[in-house]
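Visitor: sequence-free structure coming up:
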């Protein structure tokens, strides 16, 4: 009986140590974001409200009447600026999708915002049929600015992203403004 209890305690303690190491690794990947309450008055953000949302494919259902993002991405040969923004709140994590998925393929980034921290995942452009999968990259620079640091459903969030990462043998830059209503 004592051997069983000793084994069980060793197993539980081993798991908790493993958990702490895993938590430390995850926290190391997160960066702090900054807050600029004046972001809604930014000239680029204000211009977004004057243009209709872009349509990436003919039978797409538009979720916003006005444009939600002006992001400029340069990766490889062709620069792109046809991105949209959508946001969801899952428990206490804000998920921001900046993507140009046209139901055949997509490209962009997925940002998780949690307790004044953020983590960026790069979307794999080779993914087909509306799936979202991620590719491994090496971030070189990342900056996120939002207009607030606490979030609730139906809040309007305004943001700025400046992100540079290494993908395989080339660098990808992703910079611009976005806005959306949290779903």
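Guide: Sure thing, it's come through. This structure is a prediction, so every number in the text was calculated from the model and none was measured.

Visitor: could I get the full set of strands for the protein?
Guide: Assigned by DSSP state E, the strands in the chain fall at 31-32, 34-35, 69-75, 79-80, 84-90, 93-99, 108-114, 117-123, 134-135, 138-146, 156-167, 170-181.

Visitor: quick one: the second one to chain centroid distance?
Guide: Mean C-alpha position of strand 34-35 versus that of the full chain (Cα atoms, centre = their mean, to the nearest Å) differs by 15 Å.

Visitor: list the contacts of that strand.
Guide: Applying Cβ atoms under 8 Å, 6 or more residues apart in numbering, the external contacts of strand 34-35 come out as 143, 144, 145, 146, 147, 148, 149. Backbone N, C-alpha and C define where each C-beta goes, glycine included.

Visitor: kindly report the same for the third one.
Guide: Counting contacts by Cβ under 8 Å, 6+ apart, the residues outside strand 69-75 that touch it are 44, 47-48, 79-81, 83-85, 98, 107-108, 161, 167, 170-179.

Visitor: so which bits of that strand are buried?
Guide: Of the residues in strand 69-75, 69, 70, 71, 73, 74, 75 count as buried by neighbour count, 16 or more other Cβ atoms under 10 Å.
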